[in-house]
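Engineer: quick one, structure for this:
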Amino acid sequence: MDKSTLLRKTLKQEKTVLVPGIYDALSAKIAERVGFNILFHTGYGTAATLLGVPDIGLVSFSEMKERVSNICNAVDVPVIADADTGYGNSLNTMRTVKDYIKSGAAGLILEDQVWPKKCGHMQNKDVISIEEMEGKIKAAVKSRTIEHSDLVIVGRTDSLAVEGLDNAIARVKTYQKAGADILFIEAPNQIDDLKEINSKIEMPLLLNQIEGGQTPIISLEDAQRLGFKIILFPLTSLYASTKAIFDTFTSLMNKQTSTGLENKLITFDLFNELVNHDEFIKLEKNFSANNINK
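Structural biologist: Below you'll find the predicted structure:
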């Protein structure tokens, strides 16, 4: 089954889906191995791990597309990719959708910020007009149709911080009419906002959970009770791995050896197993000179 079709099938289930954020092929493989059946590629994490910069629109479309391709090719489960603002106008959005589909994305998130965008939980954001974003969603749907894809389109608005909750709800309802499959209001800052969003919107909704961000962190059970289809933890793995590296390097600097860190490290053999070392060696042997000449 095509990954985008599999994603749609999964999202049609009644239960809320817990989705982790991943930022490269290795973190994607770990999430898949643990048992997650949908993954989210984070642009914030890509900016940090690719360039060492904040999520303020410094990663180019080509760089983001390459990261999406690497992730999607590394796992068998569907990946929802961060497509930022579509990297330009409606025509740019069509190209973004086309190339993300070819890269293997099962879904993508399009947001209505002015480019260069910022992380949705940062201050001083600005949004494009509702009409312009409506055009981008329609362009994304058109591109999906041209590519004969089942791609899931998530329509995101960052307007709550700029225009208030009522306008944010009005925006995503417009994005729904334009063809978005899932709606996403970024950075509501209280539980009452989450309740109001769900009471006024009947489409499937995504809840973004960033530790230290604007939105209260809740459980999967609470997200389901409130009516969200997806509860997304986009940066948990990035923050965890960053702290682990800090702690490990600090110990290495202080002790001048890795002795004593063994219980904090994956073993050489387990890491090789994670990246499918033995399978590649077997494949290599199939094409060795001795086997070809047999």
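Engineer: Leu232: which element?
Structural biologist: Counting by DSSP states H and E, the element that carries Leu232 is strand 230-233.
Engineer: parallel or antiparallel, which strands does that strand pair with?
Structural biologist: Each strand paired with strand 230-233, and its direction, by DSSP bridges: strand 17-22 (parallel), strand 206-208 (parallel).
Engineer: in TSV, list the ones you listed along with distance to Leu238.
Structural biologist: Just so you know, the C-beta spots here come from the backbone N, C-alpha and C atoms, and that holds for glycine as well. Output for these, formatted as TSV (distance: least, C-beta to C-beta, whole Å):
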stretch	distance to Leu238
strand 17-22	7
strand 206-208	14
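Engineer: any chance of those in JSON lines, plus mean pLDDT and distance to Gln113?
Structural biologist: Rendered in JSON lines, the data for the strands paired with strand 230-233 read as follows (pLDDT from 0 to 100; distance: least, C-beta to C-beta, whole Å):
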{"stretch": "strand 17-22", "mean pLDDT": "98", "distance to Gln113": "19"}
{"stretch": "strand 206-208", "mean pLDDT": "98", "distance to Gln113": "14"}
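Engineer: go through those and pick out the most buried.
Structural biologist: Each of the strands paired with strand 230-233 was assessed for mean neighbour count using mean count of other C-beta atoms under 10 Å. The highest is strand 206-208, with a mean of 24.
Engineer: how about residues contacting it?
Structural biologist: Here strand 206-208 makes contact (C-beta atoms under 8 Å, 6 or more residues apart in numbering) with 109, 120, 154, 156, 182-184, 186-187, 194, 215, 218, 223, 226, 228-232, 234.
Engineer: rerun that using 6 Å as the cut-off
Structural biologist: Among residues not part of strand 206-208, those counted as contacts by C-beta atoms under 6 Å, 6 or more residues apart in numbering are 182, 184, 223, 228, 230-232.
Engineer: tell me the first helix or strand C-terminal of that strand.
Structural biologist: Past strand 206-208, the next helix or strand by DSSP H and E is helix 220-226.
Engineer: kindly export that following helix (C-alpha atoms) in PDB.
Structural biologist: The C-alpha coordinates for helix 220-226 follow below in PDB (Å, rounded to 0.1, in the frame of the first residue of the first chain):
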ATOM      1  CA  LEU A 220      -2.700  11.300  24.600                       C
ATOM      2  CA  GLU A 221      -5.800  10.400  26.600                       C
ATOM      3  CA  ASP A 222      -6.600  14.100  27.200                       C
ATOM      4  CA  ALA A 223      -6.000  14.900  23.500                       C
ATOM      5  CA  GLN A 224      -8.500  12.200  22.500                       C
ATOM      6  CA  ARG A 225     -11.000  13.500  25.000                       C
ATOM      7  CA  LEU A 226     -10.700  17.000  23.600                       C
END
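Engineer: buried ones in it?
Structural biologist: Buried residues in helix 220-226, defined by neighbour count with 16 or more other C-beta atoms under 10 Å: 222-224, 226.
Engineer: now, which of those sits nearest Thr5?
Structural biologist: Looking at those and their distance to Thr5, the nearest is Gln224, at 23.7 Å (C-beta to C-beta).
Engineer: nearest residue to that closest one other than its sequence neighbours?
Structural biologist: Excluding the flanking residues, the one nearest Gln224 by C-beta to C-beta, 6 or more residues apart in numbering is Thr16, at 3.9 Å.
Engineer: on that earlier part again, quick one, which of the strands paired with strand 230-233 gets closest to Lys282.
Structural biologist: The closest approach between Lys282 and any of those, judged by C-beta to C-beta, belongs to strand 17-22 at 26.8 Å.
Engineer: what does the closest one contact?
Structural biologist: Identification of contacts with strand 17-22 by C-beta under 6 Å, 6+ apart yields 28, 31, 36, 38-40, 42, 220, 230-235.
Engineer: convert the strand holding Leu232 to PDB, retaining C-alpha atoms only.
Structural biologist: What follows is strand 230-233, C-alpha atoms only, in PDB (Å, rounded to 0.1, in the frame of the first residue of the first chain):
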ATOM      1  CA  ILE A 230      -3.100  13.900  16.000                       C
ATOM      2  CA  ILE A 231      -1.000  14.800  19.000                       C
ATOM      3  CA  LEU A 232       2.400  15.700  17.800                       C
ATOM      4  CA  PHE A 233       5.600  15.900  19.800                       C
END
